[in-house]
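Undergrad: Give the three-dimensional model of this entry:
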Amino acid sequence: MSVPSSLAMAAPADPNASPWLSLLPFVVILGIFYAMVLLPMKRRQQKVANFQGGLKLGDKVITTGGMYGTITRLGEQHVQLQIAPNVRIDVARAAVGGYQGQDPVVVAEQGNA
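TA: Below you'll find the model as predicted:
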């Protein structure tokens with residue numbers, strides 16, 4: 001078995017190079033991962049938290065399950081929606097996905113069923 005001559009003649013690593021320099025590619029990859037994945041996710045979570053914290057009585061909303069209603073009562077963890085005349089339901093505040101007629105703020109996650 002012979003080693004190709006281009007591999008056998010590779011330049012040896014510089015013994016005077018800083019060991020920190022070898023970590024530079026990993027730091028760059030970590031920075032790209034943070035900028036491309038973690039930062040947008042953090043912004044989206046902040047947007048959802050601001051939306052759910054800013055709900056008020058009379059808002060016409062849609063739940064992540066597809067129920068349309070008007071907020072008639074607000075609690076710490078739940079909201080009461082009027083979905084038809086004299087029909088009110090309690091749903092989790094986290095289940096309110098957005099305002100009616102607008103793009104949803106909360107996007108349901110797709111499961112791998």
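Undergrad: what residues are up against the nearest residue to Ala92 once chain neighbours are set aside?
TA: Nearest residue to Ala92, sequence neighbours excluded (C-beta to C-beta, 6 or more residues apart in numbering): His78, at 5.6 Å. Heads up, the C-betas are built off the backbone N, CA and C, glycines and all. By C-beta atoms under 8 Å, 6 or more residues apart in numbering, the contact list for His78 reads 90-93.
Undergrad: likewise Ala94?
TA: 52, 106.
Undergrad: and the gap between it and Pro15?
TA: Note on Ala94: its distance to Pro15, by C-beta to C-beta, to the nearest Å, is 57 Å.
Undergrad: what about the residue nearest the centre of the chain, which helix or strand?
TA: Centroid-nearest residue in the chain: Met41, 3.5 Å away (criterion: C-alpha atoms, centre = their mean). For Met41, the host element (DSSP states H and E) is helix 39-53.
Undergrad: Is it possible to mark the buried ones in the contacts of His78?
TA: Among the contacts of His78, those buried by neighbour count (16 or more other C-beta atoms under 10 Å) are Val91.
Undergrad: how about the contacts of His78 in CSV, adding pLDDT?
TA: Below are the contacts of His78 laid out as CSV (pLDDT from 0 to 100):
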residue, pLDDT
Asp90, 96
Val91, 96
Ala92, 95
Arg93, 93
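Undergrad: Sitting in strands, which of the contacts of His78 do you find?
TA: 90-92 (DSSP state E).
Undergrad: Out of those, the closest to Asp103 would be?
TA: The shortest approach to Asp103 among the ones in strands among the contacts of His78 belongs to Val91, at 19.7 Å (C-beta to C-beta).
Undergrad: how near is the closest one to Gly97?
TA: Val91 is 10 Å from Gly97, by C-beta to C-beta.
Undergrad: With Tyr34 instead?
TA: 27 Å.
Undergrad: what about these two, which has more around it?
TA: Taking other C-beta atoms under 10 Å, Tyr34 and Gly97 do not tie; Gly97 has more neighbours (21 against 11).
Undergrad: The chain: helices as residue ranges?
TA: In the chain, the helices defined using DSSP state H lie at 5-8, 24-33, 39-53.
Undergrad: Put the alpha carbons of stretch 16-34 into PDB.
TA: Listed next in PDB are the C-alpha coordinates belonging to stretch 16-34 (Å, rounded to 0.1, in the frame of the first residue of the first chain):
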ATOM      1  CA  ASN A  16       5.700  28.100  16.900                       C
ATOM      2  CA  ALA A  17       1.900  28.600  16.100                       C
ATOM      3  CA  SER A  18      -0.300  29.600  19.000                       C
ATOM      4  CA  PRO A  19      -2.600  26.800  20.200                       C
ATOM      5  CA  TRP A  20      -5.400  29.300  20.400                       C
ATOM      6  CA  LEU A  21      -5.200  29.800  16.700                       C
ATOM      7  CA  SER A  22      -6.300  26.100  16.200                       C
ATOM      8  CA  LEU A  23      -9.500  27.000  18.100                       C
ATOM      9  CA  LEU A  24     -10.400  29.800  15.800                       C
ATOM     10  CA  PRO A  25     -12.500  27.700  13.400                       C
ATOM     11  CA  PHE A  26     -14.600  26.300  16.200                       C
ATOM     12  CA  VAL A  27     -15.200  29.800  17.600                       C
ATOM     13  CA  VAL A  28     -16.200  31.000  14.100                       C
ATOM     14  CA  ILE A  29     -18.600  28.000  13.700                       C
ATOM     15  CA  LEU A  30     -20.100  28.700  17.100                       C
ATOM     16  CA  GLY A  31     -20.600  32.400  16.300                       C
ATOM     17  CA  ILE A  32     -22.300  31.400  13.000                       C
ATOM     18  CA  PHE A  33     -24.600  28.900  14.800                       C
ATOM     19  CA  TYR A  34     -25.500  31.600  17.400                       C
END
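Undergrad: Right, I'll leave it there.
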